[in-house]
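Asks: fold the following.
(3 chains)
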Amino acid sequence: MALHLPAIVTLLALLLFIYSFLAVGMARKKYGVAAPATTGHAAFEVVYRVQMNTLEQLVLFLPALWLFSEYVSPLWAGLLGLVWLVGRVLYSVSYVQDPKSRGPGFIISFMTALVLMIGAAVGIVLRIMAGL
Amino acid sequence: MALHLPAIVTLLALLLFIYSFLAVGMARKKYGVAAPATTGHAAFEVVYRVQMNTLEQLVLFLPALWLFSEYVSPLWAGLLGLVWLVGRVLYSVSYVQDPKSRGPGFIISFMTALVLMIGAAVGIVLRIMAGL
Amino acid sequence: MALHLPAIVTLLALLLFIYSFLAVGMARKKYGVAAPATTGHAAFEVVYRVQMNTLEQLVLFLPALWLFSEYVSPLWAGLLGLVWLVGRVLYSVSYVQDPKSRGPGFIISFMTALVLMIGAAVGIVLRIMAGL
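Replies: Model prediction:
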């Protein structure tokens, strides 16, 4: 049952990613940057970087989330996943306002991903030691 | 047994992705764009954008496919996955012919991914309501 | 129990990916390329391309690793995964030294990913033929 929470967090993370690339599509029109270009207007480039960073961090987050869920706790995986989501929303909003302010949101999510990875690593070691 | 279909679709989606980045490698030579540059020739940039978009949509698709498979139906996950593949092939072919014609292929695959996500969300809610 | 090895390899692959994007952050400062730009200094662009290629190959590798683990052998998935990691480290080191020398590392990892995919495909076919 508890696996439902990481599943819900996964869907929410995908929604955030969808938002990030739909924003790029809208920014293409707003700032006159026709595909395939990804440069040409500073405001467009910011929206594009938010998308790319969301993609990168999503690729880090999802395996870490599910390994933690499997090896430690699905409930805690889900709760940490919600913290990750808050950090990513903060990152996205602050990057668009000012690229220099993107730090805190990034760090919240990145640290959460590290906690998921460290937790999973500890969980794996404990299972191996227990002969499981 | 039915899990075999999403597994096959996953392998086909990875093959499409491999094709997209091998095409970039070939376009580097054809259009004289040496690494690490990703700009410098319009035809190269189109092939590069196809790869990047395939990457983005693959990261969206695979978790959605497997959540739908787990929470709704592996068979329907696989069948919807085949629709997604058709859309992505159409997108890739039409983008190279004319970037402005990339819409329909993108929309077919994106809508399919949304159906997978919405189906998974409904499946999760139904299980929680059933106390599973 | 044997699933622990692909899980460990997954965590190591995520660590390599983290290294690749932290290197981009450091290169931004070192070479004076402020976000959201991803061009402007050749040495920065190399580090950025290593990150992007690591991202792409990670998205290919992880599903291939786990499908092979499920359909063939978690132990062999893990061992092949270690080969993949060696190739990616070689790729990253050699790309920074000279972009033209990135071939061997890339090919080792890419061939390993293909072996994982082909193995998974054979495993799926064998199971379907066995009526499993």
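Asks: all contacts plus neighbour counts: C-alpha atoms, from now on.
Replies: Will do.
Asks: close to chain B: what parts of chain A are there?
Replies: Residues of chain A that fall close to chain B, judged by CA under 8 Å from any CA of the partner chain: A:1, A:4, A:7-8, A:10-11, A:14, A:17-18, A:35-37, A:55, A:59.
Asks: want to throw those into a markdown table with secondary structure?
Replies: Shown next, in a markdown table, are the residues of chain A next to chain B (DSSP: H, G, I helix; E, B strand; the rest coil):
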| residue | secondary structure |
| --- | --- |
| A:Met1 | coil |
| A:His4 | helix |
| A:Ala7 | helix |
| A:Ile8 | helix |
| A:Thr10 | helix |
| A:Leu11 | helix |
| A:Leu14 | helix |
| A:Phe17 | helix |
| A:Ile18 | helix |
| A:Ala35 | coil |
| A:Pro36 | coil |
| A:Ala37 | coil |
| A:Leu55 | helix |
| A:Val59 | helix |
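Asks: for these, give me JSON lines that also has pLDDT, neighbour count and distance to A:Ile124.
Replies: Listed next are these as JSON lines, based on pLDDT from 0 to 100; neighbours: other CA atoms under 10 Å in any protein chain shown; distance: CA to CA, whole Å:
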{"residue": "A:Met1", "pLDDT": "55", "neighbour count": "11", "distance to A:Ile124": "22"}
{"residue": "A:His4", "pLDDT": "94", "neighbour count": "20", "distance to A:Ile124": "22"}
{"residue": "A:Ala7", "pLDDT": "97", "neighbour count": "22", "distance to A:Ile124": "21"}
{"residue": "A:Ile8", "pLDDT": "97", "neighbour count": "19", "distance to A:Ile124": "24"}
{"residue": "A:Thr10", "pLDDT": "98", "neighbour count": "25", "distance to A:Ile124": "22"}
{"residue": "A:Leu11", "pLDDT": "98", "neighbour count": "20", "distance to A:Ile124": "26"}
{"residue": "A:Leu14", "pLDDT": "98", "neighbour count": "23", "distance to A:Ile124": "27"}
{"residue": "A:Phe17", "pLDDT": "98", "neighbour count": "25", "distance to A:Ile124": "29"}
{"residue": "A:Ile18", "pLDDT": "97", "neighbour count": "20", "distance to A:Ile124": "32"}
{"residue": "A:Ala35", "pLDDT": "81", "neighbour count": "18", "distance to A:Ile124": "45"}
{"residue": "A:Pro36", "pLDDT": "84", "neighbour count": "19", "distance to A:Ile124": "44"}
{"residue": "A:Ala37", "pLDDT": "86", "neighbour count": "13", "distance to A:Ile124": "44"}
{"residue": "A:Leu55", "pLDDT": "97", "neighbour count": "24", "distance to A:Ile124": "27"}
{"residue": "A:Val59", "pLDDT": "98", "neighbour count": "20", "distance to A:Ile124": "21"}
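Asks: low-scoring stretches of chain A, by residue?
Replies: A:1 (pLDDT under 70).
Asks: got the phi and psi for the nearest residue to A:Gly103 once chain neighbours are set aside?
Replies: Excluding the flanking residues, the one nearest A:Gly103 by CA to CA, 6 or more residues apart in numbering or on different chains is A:Tyr91, at 7.3 Å. Phi and psi for A:Tyr91, reported as degrees, to the nearest 10, are phi -60, psi -50.
Asks: tell me how many other residues crowd A:Tyr91.
Replies: 25 (other CA atoms under 10 Å in any protein chain shown).
Asks: am I right that it is in contact with A:Lys100?
Replies: No. Between A:Tyr91 and A:Lys100 no contact is recorded; they are 10.6 Å apart, counting by CA atoms under 8 Å.
Asks: in JSON lines: the residues of chain A next to chain B, plus distance to B:Glu45.
Replies: Formatted as JSON lines, these follow (distance: CA to CA, whole Å):
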{"residue": "A:Met1", "distance to B:Glu45": "46"}
{"residue": "A:His4", "distance to B:Glu45": "41"}
{"residue": "A:Ala7", "distance to B:Glu45": "36"}
{"residue": "A:Ile8", "distance to B:Glu45": "36"}
{"residue": "A:Thr10", "distance to B:Glu45": "31"}
{"residue": "A:Leu11", "distance to B:Glu45": "31"}
{"residue": "A:Leu14", "distance to B:Glu45": "26"}
{"residue": "A:Phe17", "distance to B:Glu45": "23"}
{"residue": "A:Ile18", "distance to B:Glu45": "23"}
{"residue": "A:Ala35", "distance to B:Glu45": "9"}
{"residue": "A:Pro36", "distance to B:Glu45": "6"}
{"residue": "A:Ala37", "distance to B:Glu45": "7"}
{"residue": "A:Leu55", "distance to B:Glu45": "20"}
{"residue": "A:Val59", "distance to B:Glu45": "24"}
